[in-house]
Structure formats: structure tokens, C-alpha cells
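A.B. asks: Provided below for reference: sequence and predicted model.
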Amino acid sequence: MIRIGNASGFYGDRFAAVEEMLTGGELDVLTGDYLAELTMLILARDRARDPRLGYARTFLRQMESTLGLALDKRVRIVVNAGGLNPAGLASALAALGERLGLTPRIGYVTGDEVPAPGALAANAYLGAFGIASCLAAGADVVVTGRVTDASLVVGPAIDRYGWTRTDYDALAGATVAGHILECGAQATGGNFAFFTELADGRHPGFPIAEVAADGSCVVTKHPGTGGAVTVETVTAQLLYEIAAPAYLGPDVVAHFDTIALHGAGPDPGRAGVLPGRRRAGARLLPRLFPDHPTRRRRAVRRLHRRLGTAGRRGAHRGSPVRRAGHDPATAARRRPGAGTSRGTRRVRPAGSDPARTARYRRRRALGRQGRRRQPRRLGPRRGLLRLAARLPDRRRAARATARDG
């Protein structure tokens with residue numbers, strides 16, 4: 001088991017959190033997330049003024065009082081505070097260590113910046129294996145640029161257990177743990193809708209994940225700190241910034257619809273997280289565009305073209321790829337069951353208007369998708385005319401009712 005804590009959920013989070021986490025209990029690794037889209041803009045402007053900057057200077061100030069403490073307790077630090085200049089932050093940390101009389105081994109991860117002429121900054125998300133390489137080389141502090149937030153937790157777990165790039169289940173489990181920790185105190189009640197029910201919601205403690213070799217974890221916090229760790233608070237953070245259940249990452253896709261949460265033993269401040277295994281024989285292709293049937297259908301067609309299965313039984317309905325030996329004249333005839341609405345296929349006459357043909361095909365596509373056709377919209381003038389045409393009938397009905405009464 002590796003015990004990984006978090007001390008920052010954003011640039012400007014609680015300054016004293018690093019010291020609180022280092023002195024509050026046992027840890028193996030302390031992580032911190034400092035980057036967001038707005039933060040990258042701030043750091044890009046800093047770098048434009050001074051090329052030596054471009055990193056989160058708050059982290060450097062935090063290390064002035066805690067670097068020696070972390071080295072004494074043998075707690076390794078992994079942060080993405082490098083921003084747009086991880087090498088610059090590593091140099092500044094080395095200078096800080098020399099000034100404090102310390103000799104920390106510092107590693108940094110680069111490679112996320114991509115060329116984009118005219119832009120202040122453009123970066124791609126990196127995964128966790130660069131962090132693991134730095135830790136394996138003996139780094140006490142690892143600073144990165146734009147890695148995924150969860151990679152700050154996945155990297156130390158890779159280093160501890162020796163996972164490879166094909167240990168998908170374990171990587172997915174650690175990704176879930178990283179997602180829970182990435183926003184700091186949100187997992188301990190800060191993102192909980194019923195925060196007023198917590199005993200101490202003003203100063204919540206920061207979360208800790210005890211990650212096991214199979215990728216499962218137990219979420220907890222240091223004793224005596226505020227907030228709470230329950231299945232409900234962890235669930236609230238687990239669903240934060242989640243759209244489709246397939247949570248994409250550079251190293252693995254974690255399926256959040258296979259996670260199980262439970263209370264971890266008699267301690268109410270612990271919640272167990274069990275990531276599900278990959279389902280055998282699961283259909284991967286429909287997950288490419290889970291909410292877009294048109295794109296999904298096109299993707300299925302492309303797959304059938306590559307596999308040479310277009311037109312066979314079980315191929316996607318409406319595939320434009322013709323069967324071997326396809327005869328247009330034969331295809332124009334009615335299918336078996338002619339004379340019924342289900343067995344009849346409309347045939348457009350040759351030489352018909354292309355615009356009408358296109359509209360016809362669109363209507364057929366909408367019908368296949370099960371969409372409701374949009375009702376015809378009446379202009380304001382036509383709507384008034386139609387309403388006026390109905391008024392005499394209503395008046396006659398009212399008079400007839402009064403007469404009968």
C-alpha cells in the first residue's frame with residue numbers, strides 16, 4: 001500500500017496545506033495540483049514578461065519552510081507547478097535547497113508544449129510514466145508541466161508497484177484515486193451539496209488515498225482535521241467534471257460505471273473505492289461517440305469497410321458499402337413480403353430532382369434514428385389567420401350551449 005496525499009487543488013489554494021499534510025500524519029507521497037486553463041494564461045503572461053518565469057511561484061514559497069521537513073520525513077513531492085517552465089522551477093528549487101543547506105534530488109517532466117504560432121501557450125496533456133521514471137531515478141521532488149491531474153497519483157503508484165503500460169485495470173484504478181484527490185478538499189466535503197451538515201466545513205482537511213497493488217484504494221484524511229470522508233462526499237467528487245462514463249486519459253480509459261464505493265471498516269472517515277474490471281467482449285466502437293448516433297453509425301461503417309464485413313448479416317443497418325455481386329436492378333425490386341408496409345422499399349425514379357432526393361434521404365435518416373420530426377412552424381400572420389378561422393366555430397358552440405341551457 002502506498003499512502004498518497006494532496007495539498008493543493010488549484011493555484012491559490014490554502015498556503016499552509018503543505019505543512020499541515022506533512023505534520024498531520026504518515027505519508028509516502030504528497031501531491032499538488034496547481035494548473036487550470038486560467039492558470040496557464042496567467043503563467044504565460046508571466047513568462048512573456050520574464051522568460052525565467054512561467055511556473056507557480058506559490059509552490060516555491062511553500063517549499064521555503066517545508067522542503068527540509070519533507071526530506072526529514074522522507075515524503076516525496078510530486079506537483080504540476082512547473083506550468084510552462086518545469087526546468088525553470090527545478091533550477092529555482094535547486095537554488096533554494098542550496099540556500100537552505102539541503103541537497104534535494106529534483107526531477108522534472110517536459111514535452112507537453114506544442115508549437116502554436118500566435119498563441120501565448122499551447123500544451124497537450126501528458127500521462128504518468130514520465131513521473132514514474134523520475135521517481136525510479138531517485139528524485140525527492142518531481143515537478144511537471146501539463147500532465148493530467150490524476151497522473152500526479154498514478155505516477156507514484158507505477159513507481160511503487162512496477163506497473164507496465166498494459167496493466168490497464170491497475171492504471172484505471174489509480175486514475176480513479178487521482179481524480180478523487182486532484183481537487184484537494186473537494187473530496188472531504190468541499191464539493192458536497194449538504195456541506196452544512198458537516199461538523200467542521202470551514203477548514204476541511206485534505207484527502208489521502210491508500211492505493212493498493214490492484215489499483216483499488218481507500219480514501220481518508222489526517223485525524224483531527226475538518227470536513228468528512230464518507231461515501232457521499234467521495235461520490236460528489238467522483239462525479240465532478242465527468243460526462244461519459246469512459247474517462248479518457250493518456251495512459252488508460254477508466255470506466256466510471258464500474259466503480260463500487262463502500263465504507264472502509266469501523267472508521268467513519270474512510271471510504272473504499274473498488275474500480276471494476278474491463279468487461280470481456282465489451283463493444284468498444286459505440287463508445288467512440290456515445291451521444292452522437294450519426295458519428296457512431298459512420299464509425300461502424302468505416303470499421304466494416306476495413307474488416308471486409310460490409311453487407312453481411314449483422315453489419316450496421318444502412319451501410320452504403322455494396323455487397324459483392326451487387327446488382328442495382330435487383331436491389332430496386334421489392335424485398336420478400338411485398339405488399340406490406342414493412343416489406344416494401346421505396347424506389348426513387350431515375351432522373352429525379354437531386355434536391356428532392358437529398359431531402360428524401362435526410363427524412364429516411366431521421367426516421368432510422370428514431371427522432372421526432374420537427375413540426376412545421378407557422379409564421380405570425382398564418383398563425384393569426386388559422387386562429388381567426390377557428391373562432392366562429394367556438395362562438396357557435398358557445399351560443400348552442402347557452403341556448404340549450
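C.D. replies: That came in fine, so what should we check first?

A.B. asks: how near is the nearest residue to Y55 once chain neighbours are set aside to G83?
C.D. replies: By the measure of CB to CB, 6 or more residues apart in numbering, the closest residue to Y55 outside its immediate chain neighbours is L89, 3.9 Å from it. C-beta coordinates here come from the backbone N, C-alpha and C atoms, glycine included. Using CB to CB, to the nearest Å, one gets 8 Å for the distance from L89 to G83.

A.B. asks: tell me, what's touching the two both at once?
C.D. replies: Overlap of the contact sets of L89 and G83 (by CB atoms under 8 Å, 6 or more residues apart in numbering) consists of Y55, A56.

A.B. asks: Looks to me like the residue nearest to Y55 is in a helix.
C.D. replies: Yes: assessed by DSSP: H, G, I helix; E, B strand; the rest coil, L89 belongs to a helix.

A.B. asks: any idea of the pLDDT on it?
C.D. replies: For L89, the model assigns a pLDDT of 98.

A.B. asks: Next: T401.
C.D. replies: For T401, pLDDT reads 58.

A.B. asks: quick one, what contacts the residue nearest to Y55?
C.D. replies: Contacts of L89 (CB under 8 Å, 6+ apart): Y55, A56, F59, L60, A81, G82, G83, Y108, V143.

A.B. asks: wait, doesn't the first one sit right on V79?
C.D. replies: It refers to Y55. No: between Y55 and V79 no contact is recorded; they are 9.9 Å apart, counting by CB atoms under 8 Å.

A.B. asks: just the CA coordinates of the helix or strand containing A236, formatted as PDB?
C.D. replies: Using DSSP states H and E, A236 maps to helix 231-238. The C-alpha trace of helix 231-238 is given here as PDB (Å, rounded to 0.1, in the frame of the first residue of the first chain):
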ATOM      1  CA  VAL A 231     -19.200   7.500   0.600                       C
ATOM      2  CA  GLU A 232     -21.400  10.600  -0.200                       C
ATOM      3  CA  THR A 233     -18.500  13.200  -0.200                       C
ATOM      4  CA  VAL A 234     -16.300  10.900  -2.300                       C
ATOM      5  CA  THR A 235     -19.200  10.300  -4.700                       C
ATOM      6  CA  ALA A 236     -19.700  14.000  -5.100                       C
ATOM      7  CA  GLN A 237     -16.100  14.500  -6.100                       C
ATOM      8  CA  LEU A 238     -16.000  11.300  -8.200                       C
END
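
A.B. asks: for that helix, packing partners?
C.D. replies: helix 168-181, strand 260-263, strand 271-274 (3 or more CB pairs under 8 Å, 6 or more residues apart in numbering; DSSP states H and E).

A.B. asks: which element follows that helix toward the C-terminus?
C.D. replies: Trace forward from helix 231-238 with DSSP H and E and the next one is strand 246-247.

A.B. asks: what is the rounded mean pLDDT of the helix or strand that that following strand is followed by?
C.D. replies: Following strand 246-247 in sequence order, the next helix or strand is strand 254-255 (DSSP H and E). For strand 254-255, mean pLDDT is 92.

A.B. asks: Mind listing the strands strand 254-255 pairs with, and their directions?
C.D. replies: Using DSSP bridges, the strands paired with strand 254-255 are strand 246-247 (antiparallel).

A.B. asks: where does the closest residue to G32 other than its chain neighbours land on pLDDT?
C.D. replies: Excluding the flanking residues, the one nearest G32 by CB to CB, 6+ apart is S8, at 3.6 Å. At S8, the model reports a pLDDT of 97.

A.B. asks: can you tell me the helix or strand for S8?
C.D. replies: Here S8 is assigned to no helix or strand, by DSSP H and E.

A.B. asks: Show the contacting residues for it.
C.D. replies: R14, A17, V18, G32, D33, Y34, F59, V79, G184.

A.B. asks: tell me, how many neighbours does the fourth one end up with?
C.D. replies: Yep, that's G32 we're talking about. Counted with other CB atoms under 10 Å, residues neighbouring G32 total 29.

A.B. asks: do you know how far it is from Y11?
C.D. replies: 10 Å.

A.B. asks: next one: the fifth one
C.D. replies: As judged by CB to CB, D33 and Y11 stand 9 Å apart.

A.B. asks: neighbour-wise, which of these two wins?
C.D. replies: The neighbour comparison of D33 against Y11 (other CB under 10 Å) goes to D33, with 27 against 21.

A.B. asks: tell me the contacts of the more buried one?
C.D. replies: N6, S8, G9, F10, V79, N80, D149, L152, E182, C183, G184.

A.B. asks: From these, keep the buried residues only.
C.D. replies: Applying 16 or more other CB atoms under 10 Å to these, the neighbour count classes N6, S8, G9, F10, V79, N80, D149, L152, E182, C183, G184 as buried.

A.B. asks: Please identify which two of those residues are farthest apart in space.
C.D. replies: Spanning the widest gap among these are V79 and C183, at 14.4 Å by CB to CB.

A.B. asks: and the residue nearest to T110 when sequence neighbours are not counted, how many neighbours?
C.D. replies: The spatially closest residue to T110, leaving aside those adjacent along the chain, is P86, at 5.5 Å (CB to CB, 6+ apart). Number of residues near P86 (other CB under 10 Å) recorded here: 27.
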